[in-house]
Structures are given as C-alpha cells and as structure tokens.
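[1] based on what follows, work out the 3D shape:
(one chain, ligands or ions: 1)
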Amino acid sequence: MPYASSVEQWRVYSAEQSLGELSPITEDQARQIVADAEASEWWQEAFPNAQPIEVTFGGGANHDEGYIQSFAEPRGYPRPHSFVVSIHPEMMFLNTLVHELAHCVMPRVYGDPERIRAGELDGGRYSTHGRYFTAAQGIIAERLMSNTGTAALTEAYAFFGVDVATPSELECALAAEPAIYEAREHIDAELRRLDAETAQRSVGPGQPPGTVRIPTIGWGEWLRLLRRDTRGSPNLSQVAAATRISEVFPCTARHLSELERAAVKPTSPDQLTRAMLLTILCGADPIWTRYNYGLTRWECGGITMDQARVLNAGWADLVDHMNDLVKQRPPRWDVPGLLD
Ligand SMILES: [Zn+2]
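    This next block holds a predicted model:
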C-alpha cells in the first residue's frame, strides 16, 4: 500500500535503532554474504521466489530533512526480475544488510489471481515494513547474524510491539505469489494492448498515432489518497477535513485542494502546517510521513500535541505511547542525521 495507516514503520525503525551491537562489514564482506546466502539451500527453501540481488554502495541522503538511508529496489514490472541493494557508507553494518535483504525476498503482492486476471482491482501490495517484512528479516537474521544479534533484534521488536507473521503465514504468502504475478502480467499486457489500440483509433487518417501519457503522481496526490482512504476513519471530503483542521488552524477546502494539487512539496509555512495537520487527522505514521512527505510536526509551525489531540485523540495517544517507548530504549546508532 502506498502509505502507512499505523505506526509500523516507526516501530520497526525505533527497534532497529535501539540496538547497540551492530557488526560492521566491508563492501567485500557484504557482497560475499549475499552471494553465499543466495547459493545456500536454506535461502532457496525459505524464499522460493527470490530473484538475484546486486549489492551496491552509496545509499541516499536527504540533506533538507537531515537523514541518510540505505535501500532495496526491484527491477522489472509487474514482476521483479532482480533487486538492487544500496548501502550508505555510514550504515555499513550486518543489520542494515539483513534489513535490505528482507525487502528483496519478502512477499510483495496479494490478491485473487482469477479476479486480477478478469481485470478487477483485487488485492494489492503488502506494507513495506509490515509483518511479512519482519518475518522474512527474522529468518535471514537467524542465518546471518550471531545468536546474540538475532536475540537482540527479537527482543527489540517485542519491546516496540512490532508485528511479525508466523513462518507458515510467510510460507503461504510466498507460495501464493507466482500465480498473482502471472495474473498481473496478463492484465498488464492486456491494458497495454488496449491503450495502443485506443491511441491508434483516436487519431485521424494520415496523422501519426498519439502516445498514451501516463500521469505522474505529484507530492499532493498522496495526501489526497490518504484523505480518501477507506480503511481507517478518514475518507473525508475536502470540506469535512478543512472543517476539522480549522478547529486548530485556519483552513478552507480551497487550501486543501491547492495542497493536493501540488506537484512538489510547498514552501508556504501555513500550507505545510495544514499538510501535517491533515496527516494527523488521517492517523498516518509520523515516521512514514517524515520519510515520504518530508513533514514533521515540529518543523510545520511547531504543532502541539494538544492541537493533535483535538484532531485525532487516538493518534495522539499512540504517539505518546511510542515516545515513551523510545525514551526507554533510545536510538543508539552513531549515525549523523538518524538521531534527530
Ligand atoms: Zn526498510
């Protein structure tokens, strides 16, 4: 799913950052660890759909927001044919590698193949840092990390209330994937064929066929999706959302409409405040919000927890609870940018 409706990303990051013992690795070691894992029986047994993984170094950085990151990216659509992992030079730890490997082998899609094949919008994507991610990570940790390292990760996950799928749930989700991908490939090819036909038909004789323009998703589009999400309490109209937000900050439907049409993150402090208040109203994971929108409540007009509580009491309680947990087990990574 494109956005988080709980604080699972916050829980996972907090748990990982609270670990003290991180084994540093070199580039050569990282490549070797992955090559050995891929060649092993346990890897092929646990992750029958695993695609080849290329390990690179560099990661990414967001200088505006002051954080660095490592990442794993699929190649190929709809079915990935390989993955690229990129580790930031300041995150050269076995833990980082295990985290990124879990992204490469975790189940990604769910749904009913028959319905997908029939062109119905069925199923979707498993959450990036959800319970199948942590289940895959657990299996890899057990094989690649020391017993103490694995135990520390398990303990940190329990402390932060991280959800982990059982081994048999993971196995079922992985076993279901090939048929789902087949159905997705089938419908993807079908849609492309229809698109090409329509483009041919829609031009006059003697004219070159038009190209199908796939619109790009702007910064504000995710806000709109979040507001219209039907899984939680939101699914609010712009007017209803603006009415709620204006209980703590001046806001009209026009302000929100402007925000949701923004191609890139706006610079107006007032608009940033409204954007952050909207994510609070919708109950988004504040850590996910930070990484995906570049918004934090203290950089958006210093929104207070009292204001947040007016908009979404459940969100405020959860944030208080998470802040409590983080205070008890603070981040220990000596990585600039990650600590703020
Ligand atoms: Zn991740």
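[2] count the neighbours of the residue nearest to Asp112 when sequence neighbours are not counted for me.
    Closest residue to Asp112 apart from its sequence neighbours, by Cβ to Cβ, 6 or more residues apart in numbering: Asp122 at 5.1 Å. (Glycine included, C-beta is placed from N, CA and C.) Neighbour count for Asp122, taken as other Cβ atoms under 10 Å: 16.
[3] does Asp122 sit in a helix or strand, and which one?
    Assessed by DSSP states H and E, Asp122 sits outside every helix and strand.
[4] give me the phi and psi for it.
    Phi and psi for Asp122, reported as degrees, to the nearest 10, are phi -110, psi 150.
[5] so who does it touch?
    Asp122 sits next to Gly111, Asp112, Arg115, Ile116 when contact means Cβ atoms under 8 Å, 6 or more residues apart in numbering.
[6] okay, Ile180 and Leu174: tell me how far apart.
    Applying Cβ to Cβ, to the nearest Å, the value for Ile180 to Leu174 is 11 Å.
[7] any low-confidence regions in the stretch 1-150 of the chain?
    Along the stretch 1-150 of the chain, segments meeting pLDDT under 70 span 1-5.
[8] my guess is Trp43 meets Asn49, correct?
    No: with contact defined as Cβ atoms under 8 Å, Trp43 does not count as touching Asn49 (11.5 Å).
[9] which one of those two is surrounded by more residues?
    Regarding Trp43 and Asn49, a neighbour count based on other Cβ under 10 Å identifies Trp43 as having more, with 19 against 15.
[10] now the more buried one: which helix or strand?
    Using DSSP H and E, Trp43 sits within helix 41-46.
[11] next SSE after that helix?
    Helix 41-46 is succeeded, C-terminally, by strand 53-57 (DSSP H and E).
[12] partner strands of that next one, parallel or antiparallel?
    If you go by DSSP bridges, strand 53-57 pairs up with strand 82-87 (parallel).
[13] ok, residues contacting the next helix or strand after the strand it pairs with?
    Once the chain leaves strand 82-87, the next helix or strand it forms, by DSSP H and E, is helix 94-105. Here helix 94-105 makes contact (Cβ under 8 Å, 6+ apart) with 16, 19, 22-25, 30, 33-34, 37, 46-47, 49-51, 53, 55, 70-72, 74, 83, 85-88, 128, 133-134, 136-137, 140-141, 144-145, 149, 153.
[14] separation between the residue nearest to the spatial centre of the chain and Asp306?
    Central residue of the chain (Cα atoms, centre = their mean): Thr128, 4.3 Å from the mean position. The gap separating Thr128 from Asp306 is 32 Å, by Cβ to Cβ.
[15] and for Ala241?
    Distance from Ala241 to Asp306, counting by Cβ to Cβ: 20 Å.
[16] ok, those two, which is more surrounded?
    Neighbour tally, Ala241 and Asp306, criterion other Cβ under 10 Å: the higher count belongs to Ala241, 25 against 9.
[17] confirm that one sits in a helix?
    Yes: under DSSP: H, G, I helix; E, B strand; the rest coil, Ala241 sits within a helix.
[18] now do the contacts for it.
    Arg227, Pro234, Ala253, Leu256, Leu278, Leu281.
[19] quick check, nearest of these to Gly59?
    Nearest to Gly59 among the contacts of Ala241, counting by Cβ to Cβ, is Leu278 at 29.9 Å.
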